[in-house]
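A.B. asks: coordinates only, sequence not included:
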């Protein structure tokens, strides 16, 4: 390979396994010394190889393995000596013969077993990546659920403190006639700026909604939201935030156009006075 080329992934895996020939390994190391990207890939290959080692089943070697290994080494030395003696007997200069494996005995880097190992490493790496993504998604989901529960807990605690406060006032809402019957109640705390109300009202035709109003002692009515009898919060209650310190003179429910208005214009159907 040239210094301008990147090392193929399969060669990285083979190098990590120690399966590259000496010349190829030296060339790869020289390239990695100058290429940061390939150096990172090699580190990943070493990590995958380590994981494969942990995944492999370890078996205890047979009790005769040491004797067999020593016998094989002894036989190889006998062959070396016989070969050296033959060379000396034919008038060839006698030198220490360095045994080298025949070319046919060397394991080529494209050997089917090594290819299978490389594929296995790739599958292990892919499986770990998928598992990591799955765990990350589950963790994010759990965090979101926990955040929702904490927020609900805060809202419930806030509502309980509001209802238990000694300065929370209760005002009954009664129908004003005019062909629309209904009833309701308001709990209001000027210090906390919280208002909770409930109402029993008939369904309106399309394009119309009920709207709640807080009428302060001074100033114009303040809208506290549109009432939709078919959609309720906190069971049968609606909640609203109001300006803190605003002293209420009375509460009104009027019929307005869908979406609500900034000031009451329609007929009043419920009214309650402090």
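C.D. replies: The structure has been received and is ready for your questions. Bear in mind that the values here come from a model prediction, so they are computed numbers and not experimental data.

A.B. asks: residues contacting residue 140?
C.D. replies: In this structure, residue 140 makes contact with no residue, judged by Cβ atoms under 8 Å, 6 or more residues apart in numbering. All C-beta atoms are positioned from the backbone trio N, CA, C, and that covers glycine.

A.B. asks: ramachandran angles for the closest residue to residue 252 other than its chain neighbours?
C.D. replies: Residue nearest to residue 252 in three dimensions, not counting chain neighbours: residue 213, with 4.3 Å by Cβ to Cβ, 6 or more residues apart in numbering. According to degrees, to the nearest 10, the main-chain angles of residue 213 amount to phi -130, psi 140.

A.B. asks: surely residue 213 meets residue 254?
C.D. replies: Yes - under the contact definition of Cβ atoms under 8 Å, residue 213 touches residue 254, with a separation of 6.7 Å.

A.B. asks: what touches both of these two?
C.D. replies: When contacts are counted by Cβ under 8 Å, 6+ apart, residue 213 and residue 254 have residue 264 as shared neighbours.

A.B. asks: where along the stretch 101-250 of the chain do the strands fall?
C.D. replies: Along the stretch 101-250 of the chain, the stretches classed as strands by DSSP state E, counting those that start in this stretch are 169-175, 183-189, 194-200, 208-216, 222-227, 238-241, 248-257.

A.B. asks: looking at the ones you listed, which is nearest to residue 143?
C.D. replies: strand 238-241 (26.4 Å; Cβ to Cβ).

A.B. asks: which residues touch that closest one?
C.D. replies: Applying Cβ under 8 Å, 6+ apart, the contact partners of strand 238-241 are 159, 193-198, 212, 224-225, 227, 232-233.

A.B. asks: any regions of the stretch 51-200 of the chain where pLDDT drops low?
C.D. replies: 51-66, 69, 79-120, 124, 178-180 (pLDDT under 70).

A.B. asks: tell me where it has helices.
C.D. replies: Chain-ordered helices for the stretch 51-200 of the chain, with DSSP state H, counting those that start in this stretch as the definition, fall at 65-89, 112-164.

A.B. asks: hang on, isn't residue 193 packed against residue 248?
C.D. replies: No - distance between residue 193 and residue 248: 11.6 Å, which falls outside the contact criterion (Cβ under 8 Å).

A.B. asks: who's more crowded, the two?
C.D. replies: Neighbours per residue, other Cβ atoms under 10 Å: of residue 193 and residue 248, the larger number sits with residue 248, 21 against 15.

A.B. asks: number of nearby residues for the closest residue to the more buried one other than its chain neighbours?
C.D. replies: In space, not counting the residues next to it along the chain, residue 248 is nearest to residue 214; the distance is 5.3 Å by Cβ to Cβ, 6+ apart. One way to gauge burial is a neighbour count; for residue 214, by other Cβ under 10 Å, it gives 23.

A.B. asks: follow-up on the earlier one: restricted to buried residues, select the contacts of strand 238-241 in PyMOL.
C.D. replies: In PyMOL, this line selects whichever of these come out buried by 16 or more other Cβ atoms under 10 Å:
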select buried, resi 159+194+195+196+197+198+212+224+225+227
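
A.B. asks: from the contacts of strand 238-241, which two are the most distant?
C.D. replies: Considering Cβ to Cβ, no two members of those lie farther apart than 193 and 232, which are separated by 21.7 Å.

A.B. asks: so residue 43 sits in a helix?
C.D. replies: Yes - if the criterion is DSSP: H, G, I helix; E, B strand; the rest coil, then residue 43 is within a helix.

A.B. asks: when you give positions from now on, start the count at 29
C.D. replies: Shifting the count to begin at 29 puts that one at residue 71.

A.B. asks: for residue 210, see how far away residue 233 is.
C.D. replies: Shown here: residue 233 relative to residue 210, a distance of 16 Å by Cβ to Cβ, to the nearest Å.
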